[in-house]
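Visitor: Make a model of this:
(one chain, ligands or ions: 2)
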Amino acid sequence: MRSLLFVPGDSEKKLAKGLSSGADVLIVDLEDSVAASAKVAARATTAAFLAEARRADKHPLLYVRVNAFDTDLTDGDLDAVLGARPDGIMLPKSGSGADVTRLDAKLTAREPAAGIADGATKIVAIATETAAAVFHLGSYGAASARLVGLTWGAEDLSADIGAEANRFADGSFRDPYRLARTLSVLGAAAAGVQAIDTVFTAFRDEAGLRRECEEARIEGFTGKMAIHPAQVAVINEVFTPSAAEVDKARAIVAAFAAAGDAGVIGLDGEMLDRPHLRRAERLLARARLAGIA
Ligand code: COA
Ligand code: MG
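Guide: Ligands and ions are numbered 1, 2, ... in the order given. Predicted coordinates:
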């Protein structure tokens with residue numbers, strides 16, 4: 001999952017447009033981008049869209065962002081959309097791994113009636129939307145076998161803190177948000193799931209988006225959420241390993257294989273040990289997912 005595009009779940013027009021955006025995942029949103037007065041109608045629009053979109057031979061992964069547990073909407077959202085068999089659910093305002101376990105139970109209770117195989121509905125959690133949640137980023141490891149990704153958010157977090165801004169004038173994140181971001185990438189790695197970077201809201205600023213994607217990739221994120229179709233191509237490009245990286249990773253794997261049980265080898269004048277092999281294997285796995293290896 002390189003690019004995950006948010007699409008408001010009450011907008012038939014944007015939903016249709018999202019399908020041809022090239023995003024790996026559409027996150028059909030029932031939460032913050034849908035007005036309170038439109039929440040109930042958005043469920044039906046979303047379910048109809050999912051059912052229709054699934055009929056195509058090729059379509060992005062289809063996730064639904066439900067409303068958070070601190071509303072009384074989560075169960076109704078799940079009841080309305082599970083029948084259309086989304087690939088996954090995004091949980092906003094997750095407080096800790098316990099919230100993911102709670103969502104897991106709700107999905108387990110609903111999958112049989114929806115004709116979904118046990119455990120097939122995946123979960124991505126937004127894990128930094130409250131200050132308290134940031135202190136629980138290490139709690140996702142045993143939360144649920146459904147959990148495939150952790151992501152973070154700066155907008156709700158700054159509202160929870162009561163801060164005036166989350167970025168500096170040059171666009172870089174201020175300290176509390178960098179901390180949340182850092183703990184997210186560590187929490188995802190500790191849980192063995194994908195680290196997904198947050199949205200870049202200035203959707204006309206392509207250079208800024210590219211910079212933020214590259215920085216995230218270097219630090220261990222393997223995908224980023226988008227809010228506008230124009231952001232998808234940049235995100236896909238930056239999070240797809242280059243041909244040179246794939247070649248190098250293949251050479252490392254081949255050199256270790258040729259060396260038998262060696263812990264350390266030399267390749268092109270560089271010392272390589274097990275962490276290099278592990279990194280090369282992970283890069284090749286991402287390349288395979290992107291269809292280029
Ligand atoms: N998904 C699908 N289509 C989208 C889209 C999205 N996220 N954002 C914009 N589009 C469509 C527009 O409808 C428009 O379609 P048209 O050419 O057929 O008229 C086209 O892309 C160009 O849009 P543009 O005029 O540049 O932007 P806008 O002013 O219409 O929309 C936003 C700006 C921010 C309102 C819109 O991008 C959006 O709704 N984003 C998602 C917000 C969201 O889900 N937030 C929650 C997570 S933080
Ligand atoms: Mg939000």
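
Visitor: residue boundaries of the strands in this structure?
Guide: 3-8, 25-29, 61-65, 88-91, 122-126, 147-151, 194-197, 223-226, 264-267, 270-273 (DSSP state E).

Visitor: Go through those strands and name the closest to G171.
Guide: strand 194-197 (14.1 Å; C-beta to C-beta). Every C-beta, even on glycine, is put in place using the N, C-alpha and C of the backbone.

Visitor: what's the distance between E281 and ligand 1?
Guide: 33 Å (C-beta to the nearest ligand atom, to the nearest Å).

Visitor: Help me confirm that that residue comes into contact with F256.
Guide: No - the pair E281 and F256 does not pass the contact test of C-beta atoms under 8 Å, sitting 9.4 Å apart.

Visitor: Which of the two has more residues huddled nearby?
Guide: More neighbours surround F256 than the other of E281 and F256, with 22 against 13 (other C-beta atoms under 10 Å).

Visitor: need the residues of this structure near ligand 2, please.
Guide: Counting by C-beta under 5 Å from the ion, the chain comes close to ligand 2 at D32, D156.

Visitor: Do a quick rundown of the helices in the chain.
Guide: 12-19, 39-53, 74-81, 97-114, 131-134, 155-161, 175-191, 206-219, 232-239, 243-258, 274-289 (DSSP state H).

Visitor: do you know which of those helices lies nearest L267?
Guide: Set against L267 and scored by C-beta to C-beta, the helices of the chain come closest in helix 243-258, at 5.0 Å.

Visitor: Which single residue of the stretch 1-150 of the chain ends up nearest ligand 2?
Guide: D32 (3.9 Å; C-beta to the ion).

Visitor: Now for that residue, how many residues are close by?
Guide: 17.

Visitor: and if you look at G187?
Guide: Number of residues near G187 (other C-beta under 10 Å) recorded here: 25.

Visitor: Quick check: chain neighbours aside, which residue is closest to the spatially most central residue of the chain?
Guide: In the chain, the centroid-proximal residue (C-alpha atoms, centre = their mean) is I196; its distance is 4.3 Å. Using C-beta to C-beta, 6 or more residues apart in numbering and skipping the chain neighbours, the partner closest in space to I196 is T151 (3.9 Å).

Visitor: looking at it, E31 is touching A68, isn't it?
Guide: Yes - contact between E31 and A68 holds when scored by C-beta under 8 Å: they sit 6.9 Å apart.

Visitor: joint contacts of the two?
Guide: The contact sets of E31 and A68 overlap at P92 (C-beta atoms under 8 Å, 6 or more residues apart in numbering).

Visitor: higher neighbour count, those two?
Guide: Comparing E31 with A68 by other C-beta under 10 Å, the one with more neighbours is E31, at 25 against 20.

Visitor: Tell me, what's the model's pLDDT at the more buried one?
Guide: Turning to E31, the model gives it a pLDDT of 98.

Visitor: Now do it against K17, distance only.
Guide: 20 Å (C-beta to C-beta, to the nearest Å).

Visitor: Tell me the residue of the stretch 51-200 of the chain that sits nearest ligand 1?
Guide: V199 (5.0 Å; C-beta to the nearest ligand atom).

Visitor: from what I can see G171 touches G208, true?
Guide: Yes - using C-beta under 8 Å as the test, G171 is close enough to G208 to be in contact (5.5 Å).

Visitor: can you count the residues close to the closest residue to K106 other than its chain neighbours?
Guide: Computed as C-beta to C-beta, 6+ apart, the closest residue to K106 that is not its neighbour in sequence is L78, at 5.8 Å. By other C-beta under 10 Å, the residues close to L78 number 24.

Visitor: Show me how the record splits this protein into domains.
Guide: Listed by automatic domain parsing, the domain ranges of the chain are 3-238, 243-289.

Visitor: so who does the residue of the stretch 1-150 of the chain closest to ligand 2 touch?
Guide: D32 makes contact with P92, D156 under the criterion C-beta under 8 Å, 6+ apart.
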